[in-house]
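> okay, structure incoming, though there's no sequence with it:
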């Protein structure tokens, strides 16, 4: 695998979706959680998406329950929560693992491309990866980096 477009991910209905559908568009790939202190970042991510989707930006949210069980068991609860509380319109996918034996292959790849401080492991919810129009992982952002702090880097890719 050489770009994020080479991967398939599971949608909330269980069907597989090829990321090739997003080829030529800048992406933000983020592991999310609905019951986390950083959950308000959904609002900031939606603001970025609304502002730049006409220029091609797509944000891909991947719910994850690996950090203190901060995600609903039912993916429908997750998507409803995101829509009702933060007006999320960007794609939310099936719940995944981002670390460990069962980690999703997409996250294995993005972590290899942009390692974190001291290791490639994701340390918490809302770790964000910026992907260019060619499917290359160009930057990784810590969970505490607010979505609006990504805007300058994103603008260079639009």
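Looks like it came in fine. What you see is a predicted model, and the numbers here were worked out from it, not measured in a lab. Numbers count the residues shown, from 1 in each chain.

> only C-alpha atoms from now on, for both contacts and neighbour counts.
Noted.

> what bits of this structure have low per-residue confidence?
Along the chain, segments meeting pLDDT under 70 span 1.

> try 80 this time
Applying pLDDT under 80 to the chain flags residues 1, 116-119.

> so which residue is smack in the middle of this structure?
residue 30 (2.0 Å; Cα atoms, centre = their mean).

> sheet-wise, list the partners of whichever strand or helix holds that one with their directions.
Using DSSP states H and E, the element containing residue 30 is strand 27-32. Under the criterion DSSP bridges, strand 27-32 sits next to strand 58-63 (parallel), strand 128-131 (antiparallel) in its sheet.

> and stretch 86-95, what's buried?
When burial is assessed from 16 or more other Cα atoms under 10 Å, stretch 86-95 yields the following buried residues: 86, 88, 90, 92, 93, 94, 95.

> distance of the second one relative to residue 103?
Spelled out, that is residue 88. 25 Å (Cα to Cα, to the nearest Å).

> quick revisit: okay, the strands paired with strand 27-32 in TSV with mean neighbour count and distance to residue 26 next?
Formatted as TSV, those follow (neighbours: other Cα atoms under 10 Å; distance: least, Cα to Cα, whole Å):
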stretch	mean neighbour count	distance to residue 26
strand 58-63	23	7
strand 128-131	25	6
